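> A predicted structure for the sequence below; I have some questions about it.
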Amino acid sequence: MSAHGDSKDGYDFAHPLPVPMLLSVFFALVLLTIITVAQASFDIGSLDIVVVMVIATIKAALVMAFFMHMAYDKPFNVIVFLSSFAFVALFLIFTMSDSKQTSPDFEPVIEEVAAMEVASTPVAAGEPEVSESTAE
Amino acid sequence: MSTIEAAAENAHDAHGHDHDHPSFLAHHFDTPEQQFDSGKLGIWLFLVTEILFFSGMFCAYAIFRMLRPDVFEGCSQFLNTKLGAINTGVLLFSSLTMAWAVRCSQVKQDRGLVAMLAATLSCAMIFLGVKAIEYSHKWEMGLLPAGLYFYDPANPHPESHTNYLFYICLPFMILLGGVVAWLVVSLATRNKFHVQCAMPLTVAAACFFVGIGLGMVLESGGSEHAADEYQAHATTELEQTAAIQLVSSGESEVLESLATESNTGIQSELSARQRQLENAGTAIVQEGDEIAGAIVSVEENVMTQRKAGVFFSIYYCMTGVHAIHILVGIGFLVWLLVRAVRQDFNPQYFGPVDYVGLYWHLVDLIWIYLFPLLYLIR
Amino acid sequence: MSAGSIPSGDQIKDPGYPTASENYLTNSKGALSWLFTLDHKRIGVMYLIGVMTAFFAAGLLALLIRLHLFRPDGAVFTGPEANNWYNQVFTLHGAIMVFLFIIPSIPAALGNFLVPVMLGAKDVAFPRLNLSSFYLWVFGAIFFVGALMASGLDTGWTFYTPYSTTTDTSVILATSGAFILGFSSIFTGLNFIVTINTMRPPGMTWFRMPLFLWATYATSIIQVLATPVLGITLLLLIAERVMHIGIFDPEFNGDPVTFQHFFWFYSHPAVYIMILPAFGVISDLISVHSHKRIFGYRFIAYSSIAIALLGFLVWGHHMFTAGMGPMTTIIFSALTFTVSVPSAIKVFNWLATMYKGSISLTTPMCFAIAFIFLFTIGGLTGLHLGTLATDMHLHDTYFVVAHFHYVMVGGTLVSFLGALFHWWPKMFGKMYSETGGRLAAVIIFLGFNLTFLPQFVLGSRGMPRRYATYDPEFQTLHQISTIGTLLLGVGLLVALFVLLRSLVKGERAPANPWGGATLEWQCTSPPPFYNFERPPAVGDPYDFSDIFWDTENERYVTVEPDRKIAPAEQPEPAHAEGTH
Ligand code: HEM
Ligand SMILES: [Cu+2]
């Protein structure tokens, strides 16, 4: 990152993207959207989240690289933007892993107790709620 | 030392001349490029803060999805995939027109710029229209954040006294009325500049109602389908559900007899209840829980205030904050549009278009993730 | 070097004094010319007034707390509501000090004034954004006052759930205030990063930047990265209170520990928002007043960045007893030790700078030396707290209170005062009474230690924090602490008096009263409206070899050996015609 004024007198810096490129990026994005929606109707089990996230990330990459001009931007700007994801990852990983570790101690709240006590018929009764963690 | 000073002096000279320091260049910058680079870095940093801002909600999402995948799966059925997909398409298209608008401003196509900005605005409005349908529909069903949640599967469409859709539409109607009035007045007074501004804005404002219409058409088709599918899914486990119903009424022997090795769900219900009983001598009485009796057809009893409620909390937080960003973006786009009509932008000064564009793409980017994460859980 | 007389035959460079129309304080008149100013220096001055007001208010609350604790059963608040009163007072003290004073103190008030001048730029990159940050600060402050007026706040500055979702005090008002202040802080940080990246004049390379700018840069990184998380946390907390979203509220299956994760993900980095600018200030102060090149420039510069980044890895050390998983606590404890390394590097470098320097014991230097003492104690006790086993005992005791006051008051406040005394002549063009300043520094140092040293003992003997009453066995220590507070208060008043008096009676300040080599000393005191008429000649910020004391005029001047200078140095009449 040097200071300003290092290219063409500081006046010619626009970098317009060609229209065909914009259009093809758009169609690629639409195609990927269709694929995500379509894959949702197949049952691919727990892979599901991975697949949608991969597709979403490809879409995000396309938007960033072309619509956001990142492929042609200053490297410093790119680093700045991408590094934010590192911090997000840090935040998510620590917090989630801790939640996972502590969730067994987590007391679920009884739900619909009022109904349980008030109602006398079996149909009208609610039941206690169990968090996923205790079910494991 | 002397060379530095000489260079400095040159720079000073350079902006001493009037033709070199144009009106769009702020006094504390030396060249348009310096100004542009500053703005660009600034907006990238701003986008960084946006990402971290949203990360809090993504984190909440991740934690709850990790802990209660069944809740997410069950609740996701209540989100209309068609509407989500349409909105994704609309936002992607608006991203295209926005990127195109940036190009127009860079090559000094003033008319194209206005057209592209108007298209982007219209898409934003359509997005909001569709969203309005989604929101109002859910509010009527009581699919609300945990504290306000009152969904009742036995009676999913209660007689509603408030017409939420009307209240959402009201400000947009006023807006449309306002722009139309503006257009009429400026047509009458033949103020060319105002006409050029008001015309695209009228189209954009009207597009909100296009979105509403689109949403209504798709919602009526889609929602029934989703509900049917969901119902079918639920009945397969009807037996188990019924068993839980019995159990809950206090017949714990039944519960124990059902809690076979394989039936871990009931096992855990049992253990949880025992823990609860040990922990709390008295039960927590919650206001508004009377509706609980009707959890008949719901599998695993996911659609409760404290389960589905949390999902919908997260749903509303994420999409709500996203929608606020769209609204803010609309504000910026209108500002750009007026300036574009004024022909403010040129190849040396297109920064504002570019910055708003980057913001707009980020809003799109977030939706690209929100859509599969919320709507497409199977 | 500086002590000697000026070598004869050389050329003396001194900008002299500004005229009234150049001086940024007087070049336009009227309240509106201040309220709508885009000049970073005026914005800095407005911030300065703002943060000092906040400091004064929160300081009075602190005094109330300490007076109350003079007796085991509480001396100030009595009656059935006594404990509630106490809760409100310590909460508002903490919240105002953190959000309204410490976080904006050095970066926003002094940073705004100094960053462009030190950099050699005309202004920050986004002057309008800068002004709006200031007004966001004002709005945030109004919200806090609103909370105070409404039903107060008693959650502690940390807003922990589930208490903050159930208490009937004005949590929403206060959190909205903190949310807005967060954006003020973000925009300031953003502005500085861009300014430092793109507004450097020719010759100002990264490694010719004064260390204060490096520290500001590091601080800004944290402000931009961490503060948004506070924003969303507070927003979710408000949503939790309004409609029970069940993310933090256990009654709706939320997890309060998650709130703590969210909160500390911001708030630990935030403590570095508080201390990093102080590091920057001290680096400059020590070097200038020792008249010696800073030792290990690059280490200090890089360690600021390292602290900023490592600071993101340790937030869990505030939650060791909150119910985190055992693995997480161990990881966070281990990581906590890593942050102390760059902090220690700085301390060693400052000491090495002073070693064999020719130290002038001016007021700023007195504060700087006090800082080194106090921060070292504060930082080292942080290690006790970061150690898992000892923290189990010390968590939520007065030991923690003493620790963070040593770093925040002994560190940030003392360096803020040092900075204020150091740059006061530059900001307002007046010299203050050196004796008065030194006296203030000494009283503050003594009063501070008297207040907080006993609290380490109290804490390690088991006195918990945030309690309105205590066992009689703690009385002596508490009383010493209260007396110390009064002394500290006297010291602060003396400092204030010295500074205010200088505005009226002070002598006119020369451009370079201390012999600094950074760019702000090259423009007049106070600086002209545009800082530099032309991009300044940038040299080494810590090279004092050509700065000499001019006994006759009581000022430092830059002396340049007589040599041919590029023709550009003289104004050329032929050229002048072409310019406007
Ligand atoms: C030098 C390295 C540092 C270390 C290792 C450290 C460590 C710690 C630890 C472990 C705690 C938690 C104690 C507990 O609650 O049980 C703590 C609390 C705290 N520290 Fe530090 N610290 C350091 C520097 C700082 C600095 C520079 C600041 C501020 C300028 C600071 C401000 C605070 C505050 C405000 C708290 C208490 C927050 C609260 O609970 O209200 N610390 N520190
Ligand atoms: Cu910490």
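Great, that's in hand. Ligands and ions are numbered 1, 2, ... in the order given.
> got the contact list for C:P116?
Shown in contact with C:P116 (CB atoms under 8 Å, 6 or more residues apart in numbering or on different chains): C:40, C:122-124, C:195, C:199, C:531. For the C-beta atoms, the positions are set from N, CA and C on the backbone; glycine is no exception.
> so which two of these are the farthest from each other?
C:T195 and C:N531 (12.3 Å; CB to CB).
> if you skip the residues just before and after it, what's nearest to the residue of the stretch 451-580 of chain C found nearest chain A?
In the stretch 451-580 of chain C, no residue comes nearer to chain A than C:P535, which is 10.2 Å away by CB to the nearest CB. Nearest non-adjacent residue to C:P535, counting by CB to CB, 6 or more residues apart in numbering or on different chains: C:P201, 3.8 Å away.
> mind checking the SS state of the one you found?
coil (DSSP: H, G, I helix; E, B strand; the rest coil).
> how near is it to C:T195?
Going from C:P201 to C:T195 by CB to CB, to the nearest Å gives 12 Å.
> check which helix or strand covers the residue of the stretch 451-580 of chain C closest to chain A.
According to DSSP states H and E, C:P535 maps onto no helix or strand at all.
> count of neighbours near it?
If you count neighbours by other CB atoms under 10 Å in any protein chain shown, C:P535 ends up with 22.
> from what I can see it touches C:G120, true?
Yes: counting by CB atoms under 8 Å, C:G120 is a contact partner of C:P535 at 6.1 Å.
> which residues are common contacts for these two?
Shared contacts of C:P535 and C:G120 (CB under 8 Å, 6+ apart): C:P201.
> helix or strand for residue 59, which one?
Went with chain A since none was named. According to DSSP H and E, A:K59 maps onto helix A:47-62.
> ah, no, chain B please
Assigned by DSSP H and E, B:C59 belongs to helix B:32-67.
> how many degrees apart are that helix and helix A:47-62 in direction?
Counting by axes from the mean of the first three to the mean of the last three CA atoms, to 10 degrees, helix B:32-67 lies at 180 degrees to helix A:47-62.
> which helices and strands does helix B:32-67 pack with?
Packing partners of helix B:32-67 (3 or more CB pairs under 8 Å, 6 or more residues apart in numbering or on different chains; DSSP states H and E): helix A:75-102, helix B:69-76, helix B:308-341, helix B:351-370, helix C:171-198, helix C:211-243, helix C:256-290.
> again, 6 Å this time
With contacts defined as 3 or more CB pairs under 6 Å, 6 or more residues apart in numbering or on different chains; DSSP states H and E, helix B:32-67 has these neighbours: helix A:75-102, helix B:308-341, helix B:351-370, helix C:171-198, helix C:211-243.
> can you put these in a markdown table and add mean pLDDT, mean neighbour count and distance to ligand 1?
A markdown table is the format used below for these (pLDDT from 0 to 100; neighbours: other CB atoms under 10 Å in any protein chain shown; distance: least, CB to the nearest ligand atom, whole Å):
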| stretch | mean pLDDT | mean neighbour count | distance to ligand 1 |
| --- | --- | --- | --- |
| helix A:75-102 | 93 | 17 | 16 |
| helix B:308-341 | 95 | 21 | 27 |
| helix B:351-370 | 96 | 24 | 32 |
| helix C:171-198 | 96 | 25 | 14 |
| helix C:211-243 | 95 | 25 | 11 |
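> out of the ones you listed, which is closest to C:T258?
When the helices and strands packed on helix B:32-67 are compared by CB to CB, helix A:75-102 sits nearest C:T258, at 6.5 Å.
> between helix C:256-290 and the closest one, find me the angle.
Using the same axes, to 10 degrees, helix A:75-102 lies at 140 degrees relative to helix C:256-290.
> helices or strands next to helix A:75-102 in the packing?
So helix A:75-102, by 3+ CB pairs under 6 Å, 6+ apart, packs with helix B:32-67.
> for chain A, what's its nearest residue on chain B.
Nearest residue of chain B to chain A (CB to the nearest CB) works out as B:T31 at 2.9 Å.
> tell me the SS of A:D12?
Classification of A:D12 by three-state DSSP places it in coil.
> how near is it to A:F66?
To A:F66, A:D12 is 22 Å away according to CB to CB.
> so those two - more neighbours on which side?
When A:D12 and A:F66 are compared for neighbours, A:F66 comes out ahead with 22 against 12, by other CB under 10 Å.
> quick check: which element contains the nearest residue to that one once chain neighbours are set aside?
Excluding its sequence neighbours, the residue lying closest to A:F66 (CB to CB, 6+ apart) is A:V25, at 4.6 Å. Element membership for A:V25 (DSSP H and E) is helix A:19-39.
> next one: C:S525
Going by DSSP H and E, C:S525 is not in any helix or strand.
> shouldn't it be in contact with C:A509?
Yes: using CB atoms under 6 Å, C:S525 is in contact with C:A509, at 4.4 Å.
> what do those two both touch?
Residues touching both C:S525 and C:A509 (CB atoms under 6 Å, 6 or more residues apart in numbering or on different chains): C:425, C:429.
> looking at those two, which is more packed in?
More crowded of C:S525 and C:A509, by other CB under 10 Å: C:S525, with 27 against 22.
> burial count for the residue of the stretch 101-250 of chain B found nearest chain C?
Nearest residue of the stretch 101-250 of chain B to chain C, counting by CB to the nearest CB: B:G147, 2.7 Å away. Counted with other CB under 10 Å, the neighbours of B:G147 add up to 20.
> where's it relative to C:P162, distance?
Look at B:G147 and C:P162: by CB to CB, they are 14 Å apart.
> quick check: neighbours shared by those two?
The contact sets of B:G147 and C:P162 do not overlap (CB under 6 Å, 6+ apart).
> quick revisit: the helix holding A:K59 close to chain B?
Yes: applying CB under 6 Å from any CB of the partner chain, one finds helix A:47-62 touching chain B at A:48, A:52, A:56, A:59-60.
> okay if I get those as TSV plus neighbour count, distance to B:I43 and pLDDT?
Shown next, in TSV, are these (neighbours: other CB atoms under 10 Å in any protein chain shown; distance: CB to CB, whole Å; pLDDT from 0 to 100):
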residue	neighbour count	distance to B:I43	pLDDT
A:D48	18	35	80
A:V52	23	29	89
A:A56	22	23	94
A:K59	27	21	95
A:A60	19	18	95
